[in-house]
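Asker: Could you look at this predicted model? Sequence included:
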Amino acid sequence: MFRSRRQVIGAVTGALLAAALVTVPEAVAATWTPKTPPLSTPWTSQVSPANALPDYPRPQLVRPDWQNLNGVWEFQGAPNLNTPPIGRTLPEGVLVPYPVESALSGIMRHEDNMFYRRTFTVPSTWNGRRVKLNFGAVTWETRVWVNGTQVGTHTGGYDAFSFDITNALRTGANEVIVGASSPIDGSTFPIGKQRRNPSGIWYTASSGIWQTVWLEPVNANNITRLDTTPNLPASALDLVVQGTAGQQVRAEVLAGGTVVGSATGNTGASIRIPVPNPHLWSPDDPFLYDLRVTMTNGGDVVTGYFGMRSITKGISGGVLRPLLNGKFVFQLGTLDQGFWPDGIYTAPTDEALRFDLERQKALGFTMVRKHIKVEPARWFYWADRLGLMVWQDMPALDAVGDTPARSHVNYESELTRIVNQLKGITSIVQWVPFNEGWGEYDNQRIVDLVRSIDNTRLIDHNSGSNCCVSDPEPSNGDVADDHAYQMSTGTRLPSATRVAVLGEYGGLGRRVTGHEWQPGAGFAYGELFPDETSLTNRYVEITREVGRFVQTRGLSGSVYTEPYDVENEVNGFYTYDRRILKMTEARVRQVNQEVLAKAAGTEVGRGELISLKVTTPGYTDRYLRHQNGTARTDVVNSGSADVLKQDSTFWARPGLANAGCSSFESRNFPGEYLRHSGTTIRKDPNDGSAAFAGNATFCARTGLGATALESFDTPGSFVRHFNEVVYLARLGGPNPWDTASTFAEDTTWAATIPWWRSGFTLPVNTARSFQVTTSGFTDRFLRHQDSLARTDVVNSGSEALLKADATFYIRPGLADSSCYSLEARNFPNQYLRHSAFRVRLNPLENSDLYRRDATFCAQAGSAPGSVRFQSINELGTNMRHYNAEVWVASSGGLHAYDNPASYAEDVSWAVAAAWTP
């Protein structure tokens, strides 16, 4: 009886509306006058009332009939939401869906409480169906009235919501009033990085309606959400159709318009749809299937899409890794905060939204960390389509430290709704509930909460849990996430239960005149770089270190801060207005590809010293080394003898027989290479023959999480350890070392930072002096004076004090014994170290920073027999003389002493007899 009554009501809705006598004043008085933003984007001028985000806003639950309500609404600030302005014209015009603080809204100021008003007419073709009023997102509390009737309320600034407004509708013009309350900085609900008074890393608030508002007709029985879970082992999609309870649905999977699988079931229950021979989604191949779901009773039909992929964690290359489709894919990402100078939280157009992701993909990234904001559904659509994995942060509570108890209910309620809303998104691979401890509480329980909603992804309980105000680590997270901005120290290693990632690094800044939010106020997470070259040089340097950490420290992901400047934070690849790329695109893409190649195992770091680590579980403390001319594996650690460290260190050279492959030259036996002789791997002198070159050339292939080394002249054969000896092995061959058991693991090697980091040997515990090699200045030597390092002319007639000042004892490196420290001859226990880039003489301190600052790895200089002192604590720098002063300098950096002119000569020092033995 009740169901029949509902059907009758639906059928005569139009007649009932016609009986209404109330006249609604149309919202025609509102005019929109766009304000001028501090910066305009290429899309700012394209925005108008006629095309304010006209695209269908929800690609995962599409219906053909809908009406976009974006456009000019009447607007007024208010003391509270208790008295809606029903039937009253409001004095201002606001362009929905741009937040009121934005220039595009036409308001460009904050209001704690506000009302929006407009009229609409329901198409007659919708008669007989229910009408829903949908909101993409409104900050923070929302109350809605239609024709004077309150139709619903909602709290939460980042999740979509809908109200059935059918019973409040009338024929002709209908009035809708939206009240929004957004008291920013109240420590009551999640706000991310919005602030009432923005400064530093806190930005302009985005209050009120900030995502699309639209109407759509639905049947009385209708679908509200599609929860899709790819099931690769079953070659199927597991689908839960949310909607009217107890209804039968039919689901169809389509590829290229052809149905490839179908199944029926009921709403609320899991339905398994076969997807035969699934085409897997990945960043390299972001293939998407279409999905069509029909509710058989009532005829509701919706469409969506999904990608077939799995996200797990498992041992790969000897360490715990996140696995995409069962394989380790390094997650090379950016910290994307999603702010715009013209629309603040809201991109001006869909083209702009897509541009942000397209440009990151073009730079070589495979992942985006969406930083404490939730984007509109179309942003995720583009991430899915373009092939970018996503780490989704939960927007933070505004308290950096502890949060009041009243905020927890709001936080957890909104977190639950966000995860439910987004768990069908293909590109999302990781949830991040907290960042750097901001507002962190009950972290173990929060991880359990997220996992109870979605157990198909990894959960990073707190990005940057090594820093700031972070609470102790819970036992149930999946990720050890460090923030290390300049890559001067190591990241934590993965454990038996946690993968290791670098959740933020970089923050390199550059101001660009004419493209600043506030001219002259731009800041970065370090020093500002003066030009494109110096900024790019630094990005390349620190990102190469990320690449070294992939295999050395088991690093599985990295997040560079950031793709675009945000207000006065000028850390972006692009300026805030998206008009200027501040680095050299080709070089950024190249180094990013190097990182991905090292993770894939197809690059070992040619041109660098490396060590080759065993990846077979249970043997990952062993390394390839040579002993008496034969290759074998042995345990190597920080306490190992120097000769063992040197024996397990090799120069990765371009292949002797093919420069696209690699040859491995012994660190301590120059001119001798690893080669195969029959099936044995040996170290032998290069005799210059083509046969030797072929024997000594190995091509890096993707192994089991790292590198497999295939013989160049014996294709199909790989370098394998077997019972400690290293052979050239062929799967299924006649020898014991060709056995299939653990073949993939035993032939996979991790190319790591070398055990012996100096490529040039200095005589330890002897006194030496160091002579300038730059033409015209070769009468000058390194010396200390008044605790500062400099160069001066020294000769046989010089004073004894000057000779002593120019003499140093070469000691094993204080921070790394494979490098060196220089102790003053005439000031025992005082060492050359750098501080703020200046090299100076200071007494030995018992601190890690001092030891690292005083340790330099010796590499060959540009002049024959000369040495270059490479800092281990300031990446890419070497000890350089410049205008008689001595600095640790980079070539093409931001300081005057980084000038690339004569850099190679200035960092090269001749090792001379001690002026004071």
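Answerer: Everything's here; your move. Numbers count the residues shown, from 1 in each chain.
Asker: Can you give me the buried ones in the lengthiest helix in the chain?
Answerer: Among the segments of the chain that qualify as a helix by DSSP state H, the longest is helix 532-552. Residues of helix 532-552 classed as buried: 532, 534-552 (neighbour count, 16 or more other CB atoms under 10 Å). Heads up, the C-betas are built off the backbone N, CA and C, glycines and all.
Asker: Could I have the CA atoms of that helix written out in CSV?
Answerer: Coordinates of each C-alpha in helix 532-552 appear next as CSV, following Å, rounded to 0.1, in the frame of the first residue of the first chain:
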residue,chain,number,x,y,z
GLU,A,532,66.4,28.2,-14.3
THR,A,533,69.8,26.6,-14.6
SER,A,534,70.7,26.7,-10.9
LEU,A,535,67.3,25.6,-9.8
THR,A,536,67.3,22.7,-12.2
ASN,A,537,70.8,21.7,-11.2
ARG,A,538,69.8,21.4,-7.6
TYR,A,539,66.6,19.4,-8.5
VAL,A,540,68.7,17.0,-10.6
GLU,A,541,71.2,16.6,-7.7
ILE,A,542,68.8,15.8,-5.0
THR,A,543,66.6,13.6,-7.2
ARG,A,544,69.6,11.5,-8.2
GLU,A,545,70.1,10.9,-4.5
VAL,A,546,66.5,9.7,-4.4
GLY,A,547,67.4,7.3,-7.2
ARG,A,548,70.3,6.0,-5.2
PHE,A,549,68.1,5.4,-2.2
VAL,A,550,65.7,3.2,-4.1
GLN,A,551,67.9,0.2,-3.9
THR,A,552,70.3,1.3,-1.2
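Asker: Toward the C-terminus from it, list the very next helix or strand.
Answerer: Proceeding N to C from helix 532-552, the next assigned helix or strand is strand 555-561, under DSSP states H and E.
Asker: Beyond that following strand, next helix or strand please.
Answerer: helix 585-600.
Asker: Hey, what's the angle from the helix or strand just after that next one to helix 532-552? Just curious.
Answerer: On the C-terminal side of helix 585-600, the nearest following helix or strand under DSSP H and E is strand 609-614. Here strand 609-614 points in a direction 30 degrees away from that of helix 532-552 (axes from the mean of the first three to the mean of the last three CA atoms, to 10 degrees).
Asker: How about residues contacting the helix or strand that strand 609-614 is followed by?
Answerer: Scanning forward in sequence from strand 609-614 by DSSP H and E, the next helix or strand is strand 622-627. When contacts are taken as CB atoms under 8 Å, 6 or more residues apart in numbering, the neighbours of strand 622-627 outside the stretch itself are 611-614, 631-636, 644, 647-648, 666, 669, 674, 682-683, 719, 721, 726, 749, 755.
Asker: Out of those, list just those in helices.
Answerer: Leu644, Asp647.
Asker: what's the longest helix of the chain packed up against?
Answerer: With contacts taken as 3 or more CB pairs under 8 Å, 6 or more residues apart in numbering; DSSP states H and E, helix 532-552 sits against strand 499-506, strand 555-561, helix 585-600, strand 748-752.
Asker: average pLDDT for it?
Answerer: Per-residue pLDDT over helix 532-552 has a mean of 97.
Asker: okay, the angle between it and strand 499-506?
Answerer: Using the same axes, to 10 degrees, the interaxial angle of helix 532-552 with respect to strand 499-506 works out to 170 degrees.
Asker: Distance from the chain centre to helix 532-552, please.
Answerer: Taking CA atoms, centre = their mean, to the nearest Å, the mean C-alpha location of helix 532-552 is offset from the chain mean by 14 Å.
Asker: Tell me what angle it forms with helix 585-600.
Answerer: Angle between the axes of helix 532-552 and helix 585-600 is 0 degrees (criterion: the same axes, to 10 degrees).
Asker: Pull up the gap between the residue of the chain most remote from its centre and Arg780, please.
Answerer: In the chain, the greatest distance from the average C-alpha position (CA atoms, centre = their mean) is reached by Gly797, at 59.6 Å. Here the criterion is CB to CB, to the nearest Å. By it, Gly797 lies 15 Å from Arg780.
Asker: do Ile177 as well
Answerer: Using CB to CB, we find Ile177 at a distance of 80 Å from Arg780.
Asker: more crowded one of those two?
Answerer: The neighbour count for Ile177 versus Arg780, taken as other CB atoms under 10 Å, is higher for Ile177 (25 against 19).
Asker: so who does Glu375 touch?
Answerer: Residues counted as contacts of Glu375 (CB under 8 Å, 6+ apart) are Gly338, Leu353.
Asker: Am I right that it is in a strand?
Answerer: No: counting by DSSP: H, G, I helix; E, B strand; the rest coil, one finds Glu375 to be coil, located in no strand.
Asker: List phi and psi for it.
Answerer: Recorded main-chain torsions at Glu375 are phi -90, psi 170, according to degrees, to the nearest 10.
Asker: how much space between it and Ser427?
Answerer: When distance is defined by CB to CB, Glu375 is 11 Å away from Ser427.
Asker: Contact partners for Pro763?
Answerer: Each residue near Pro763 by CB under 8 Å, 6+ apart is listed here: Ile810.
Asker: Can you tell me the SS state at it?
Answerer: coil.
Asker: For the remainder of this discussion, apply numbering that starts at 250.
Answerer: Got it, the first residue is 250 from now on, which makes the last one we talked about Pro1012.
Asker: Strands of the stretch 650-799 of the chain, start to end?
Answerer: If you assign secondary structure with DSSP state E, counting those that start in this stretch, the strands in the stretch 650-799 of the chain sit at 677-681, 683-684, 707-708, 711-712, 728-732, 748-755.
Asker: May I see these arranged in JSON lines, with mean pLDDT, mean neighbour count and distance to Arg827 as well?
Answerer: Formatted as JSON lines, the strands of the stretch 650-799 of the chain follow (pLDDT from 0 to 100; neighbours: other CB atoms under 10 Å; distance: least, CB to CB, whole Å):
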{"stretch": "strand 677-681", "mean pLDDT": "98", "mean neighbour count": "24", "distance to Arg827": "24"}
{"stretch": "strand 683-684", "mean pLDDT": "97", "mean neighbour count": "27", "distance to Arg827": "24"}
{"stretch": "strand 707-708", "mean pLDDT": "98", "mean neighbour count": "22", "distance to Arg827": "31"}
{"stretch": "strand 711-712", "mean pLDDT": "98", "mean neighbour count": "28", "distance to Arg827": "25"}
{"stretch": "strand 728-732", "mean pLDDT": "98", "mean neighbour count": "25", "distance to Arg827": "26"}
{"stretch": "strand 748-755", "mean pLDDT": "98", "mean neighbour count": "26", "distance to Arg827": "19"}
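Asker: Export those strands as TSV, with columns for distance to Gln586.
Answerer: Written out in TSV, the entries for the strands of the stretch 650-799 of the chain read as follows (distance: least, CB to CB, whole Å):
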stretch	distance to Gln586
strand 677-681	13
strand 683-684	11
strand 707-708	21
strand 711-712	13
strand 728-732	15
strand 748-755	12
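Asker: Any idea which of the ones you listed gets closest to Thr290?
Answerer: Using CB to CB as the measure, strand 748-755 is the one of the strands of the stretch 650-799 of the chain that comes nearest Thr290, at 23.0 Å.
Asker: what packs against that closest one?
Answerer: With contacts defined as 3+ CB pairs under 8 Å, 6+ apart, the secondary structure elements packing on strand 748-755 are strand 568-573, strand 728-732, helix 781-801, strand 804-810.
Asker: can you pull the pLDDT of Gly548?
Answerer: For Gly548, the model assigns a pLDDT of 82.
Asker: Much appreciated, bye for now.
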